[in-house]
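Undergrad: okay, structure incoming, though there's no sequence with it:
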């Protein structure tokens, strides 16, 4: 072998050894990185809910900064084989793929990093579901009104449910009924308004029911009446406002307030209150920037709030409050992403919340709140599965509830509540006997109630509650 051949042979050996050692070095480093990633990026503080729901087990863990997604594993045995059941980009997961109710299921989580590596398993944790001992049940009997009802409004005071409506059994005049523990009874005479009543709004304060409505006998102006223990009487003069097609009643410090779209002021928003002698404007009449509809009023900590469909912003949602001398915008005008209807407002801890049928999200229900100087969706936009109608909104302490006609359940009624992360059905969706119309939800001592136009029972009134089965 000559020198040239020997040199070439040595070079080939050198290159081979270099490639071999480089490959080994890369593999060692890769294995080291994978081991480090496997340990460093394990999801921490993993928890599976114990009996919190009757149809799912809720899983939650701390976010991993470098994670692109997470893999969820489940086993019937803590030391058994864990099968991958789901993938999520969030640091929570709802396991709804459970069949029979069992004592426990065991779970583990892995994080999938943005560089493609996977962590080791998290610690295991067990969770279980429980059979729900609550269900939707009738308050009284179904279809308790004498005839068809429209524009239902529900209120509960001192353990007594009250419901108001336009009563077709009495010439479409206003009627109010209450449940005495055994049956529904009219308060005073049925159909007590002088003429047809439209858009009635009910409020009960100190055992006294009040009702506001658009009064056909008075050129569609607003009248407010209260029950004095014997008969219904007017609060102030009959038909005290301009004409209105939307109104909202609120009693605060024994003083009735009404917000409405004011036909005497270009169909803009006005708020009036009864001062004991007469009805007076709160701030300027017609204070909204443009024409409005679907007006809602709420008073909290001496501050007056109103929400409405803003014609000047393509029928999007606008909210304003009274600062003691003038009405001012809360955030931007028309902050919803599309047209809003059936708007309802609530306030908790000085934070306004508003719900509406959201045309910008396929006619589904949306709920937003004003936080950190901006309006933000709660649980995302369009929280229902499908389009909805006849929606109503109630806030009990810090828990949000919505009722609605559910297109995804044959136009029956459904109620959802926000659990802090997502919207869940309260009981089963579509729990009414058949298709429904107007709804009004109210939560009393933690128990949800709902009144609705029951089309399976002659469009009459029905009230149900979600409570423990006795």
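TA: In hand now; what should we look at? Note that the coordinates shown come from a computational prediction; the quantities given were computed from them, not determined experimentally.
Undergrad: need the next SSE after the worst-scoring helix or strand of the chain on mean pLDDT, C-terminal direction.
TA: Across the helices and strands of the chain, the lowest-confidence element by mean pLDDT, DSSP states H and E is helix 3-40, at a mean of 55. Counting by DSSP states H and E, the next helix or strand C-terminal to helix 3-40 is strand 47-48.
Undergrad: which neighbouring elements make contact with that next one?
TA: If contacts are counted by 3 or more C-beta pairs under 8 Å, 6 or more residues apart in numbering; DSSP states H and E, strand 47-48 sits against strand 57-60, strand 125-127. All C-beta atoms are positioned from the backbone trio N, CA, C, and that covers glycine.
Undergrad: which one of these lies closest to residue 267?
TA: Proximity to residue 267 (C-beta to C-beta) singles out strand 57-60 among the helices and strands packed on strand 47-48, at 46.3 Å.
Undergrad: on that earlier part again, go through the helices and strands packed on strand 47-48 and pick out the most buried.
TA: For the helices and strands packed on strand 47-48, the largest average neighbour count (mean count of other C-beta atoms under 10 Å) is found in strand 57-60, namely a mean of 21.
Undergrad: helices and strands around that strand, which ones?
TA: Where contact means 3+ C-beta pairs under 8 Å, 6+ apart, strand 57-60 is packed against strand 47-48, strand 92-95, strand 105-113, strand 125-127.
Undergrad: please redo it, this time with the cut-off set to 6 Å
TA: Strand 57-60 sits against strand 47-48, strand 92-95, with contacts defined as 3 or more C-beta pairs under 6 Å, 6 or more residues apart in numbering; DSSP states H and E.
Undergrad: below-threshold pLDDT in the chain: ranges please.
TA: Counting by pLDDT under 70, the chain contains low-confidence ranges at 1-38, 97, 99-102, 131-132.
Undergrad: switch the cut-off to 50
TA: Within the chain, the ranges that satisfy pLDDT under 50 run 25, 28, 30-35, 37.
Undergrad: domains of it?
TA: 47-127, 134-468 (automatic domain parsing).
Undergrad: identify whichever of the helices and strands packed on strand 47-48 lies nearest to residue 451.
TA: strand 57-60 (30.6 Å).
Undergrad: excluding chain neighbours, what is closest to residue 278?
TA: Spatial nearest neighbour of residue 278, chain neighbours left out: residue 236 (5.9 Å); criterion: C-beta to C-beta, 6 or more residues apart in numbering.
Undergrad: what about the residue lying closest to residue 329 once chain neighbours are set aside, how many neighbours?
TA: What sits nearest to residue 329 in space, not counting adjacent residues and going by C-beta to C-beta, 6+ apart, is residue 320, at 5.6 Å. By the criterion of other C-beta atoms under 10 Å, residue 320 has 25 neighbours.
Undergrad: in CSV, list the helices and strands packed on strand 57-60 along with distance to residue 374 and mean neighbour count.
TA: Formatted as CSV, these follow (distance: least, C-beta to C-beta, whole Å; neighbours: other C-beta atoms under 10 Å):
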stretch, distance to residue 374, mean neighbour count
strand 47-48, 31, 19
strand 92-95, 24, 19
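Undergrad: make a markdown table out of the ones you listed and add distance to residue 262.
TA: Converted to a markdown table, those look like this (distance: least, C-beta to C-beta, whole Å):
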| stretch | distance to residue 262 |
| --- | --- |
| strand 47-48 | 53 |
| strand 92-95 | 46 |
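Undergrad: nearest to residue 79 among those strands would be which one?
TA: With C-beta to C-beta as the criterion, residue 79 lies closest to strand 47-48 of those, at 16.3 Å.
Undergrad: need the helices and strands packed on strand 47-48 in JSON lines with distance to residue 216, can you?
TA: Output for the helices and strands packed on strand 47-48, formatted as JSON lines (distance: least, C-beta to C-beta, whole Å):
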{"stretch": "strand 57-60", "distance to residue 216": "51"}
{"stretch": "strand 125-127", "distance to residue 216": "57"}
